[in-house]
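Undergrad: Structure of the sequence below:
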Amino acid sequence: MALLVLEGQDQTGRFWQAVAHHAEGEWPGEGLRRAPVLVIPFASKKVYLDRYAEDDKGWADRDEARWPVPYWMVDAAFASMSILLSSVNEGLGALFFGLDVDGYDRLRRAFGVPEEWSAIGVIALGHRAVSDPVASSRDTRSRRPSGQVVHRGHW
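TA: Residues are numbered from 1 along each chain as shown. The predicted model follows:
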């Protein structure tokens with residue numbers, strides 16, 4: 001797991017220039033583009049398998065079959081959730097979002113990210129302006145009832 005942290009208009013502007021392909025006025029909105037910090041979490045299957053092949057772990061064969069779940073992705077996702085929760089605790093606004101398929105390649109090229117690293121998304125950090133309209137599915141779509149999400153004792 002690794003993080004690329006972009007701070008300030010110069011760095012975040014380079015990010016938006018690299019990944020945006022939509023016409024002006026479409027996604028992302030101006031509010032998101034103003035986020036002063038962007039954190040991009042990365043996962044690497046190679047780095048993960050190499051770590052578990054070291055002497056203290058002993059899986060020198062690097063066999064992917066040992067991993068029925070891609071824990072290299074899980075680790076990056078857990079780190080992302082920690083960043084999001086910590087941001088809320090600090091009174092910041094935070095948003096996790098994804099890019100279009102080509103956006104990840106453009107991100108990699110723009111910031112010199114080695115090929116073995118895969119971004120799992122982007123976290124924008126900042127303060128939401130009170131005047132910013134809130135356009136969120138939370139305002140238009142109700143949550144599923146807990147019985148559809150939580151299964152106790154059986155599915």
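Undergrad: burial count for residue 39?
TA: Applying other Cβ atoms under 10 Å, we find 22 residues neighbouring residue 39. Using the backbone N, CA and C atoms, a C-beta is placed for each residue, glycine as well.
Undergrad: nope, residue 117 is what I meant
TA: Neighbours of residue 117 (other Cβ under 10 Å): 20.
Undergrad: gap between the residue nearest to it when sequence neighbours are not counted and residue 60?
TA: Distances taken as Cβ to Cβ, 6 or more residues apart in numbering put residue 42 closest to residue 117, at 4.2 Å, once the chain neighbours are dropped. Distance check for residue 42 against residue 60: by Cβ to Cβ, to the nearest Å, it reads 25 Å.
Undergrad: Same drill for the two, tell me which one is more crowded.
TA: Using other Cβ under 10 Å, the more surrounded residue of residue 42 and residue 60 is residue 42, with 21 against 10.
Undergrad: And residue 59, what's its pLDDT?
TA: For residue 59, the pLDDT comes out at 83.
Undergrad: Next, it: phi, psi?
TA: phi -100, psi 70 (degrees, to the nearest 10).
Undergrad: ok, it touching residue 48?
TA: No - because the distance of 10.8 Å does not satisfy Cβ atoms under 8 Å, residue 59 is recorded as not touching residue 48.
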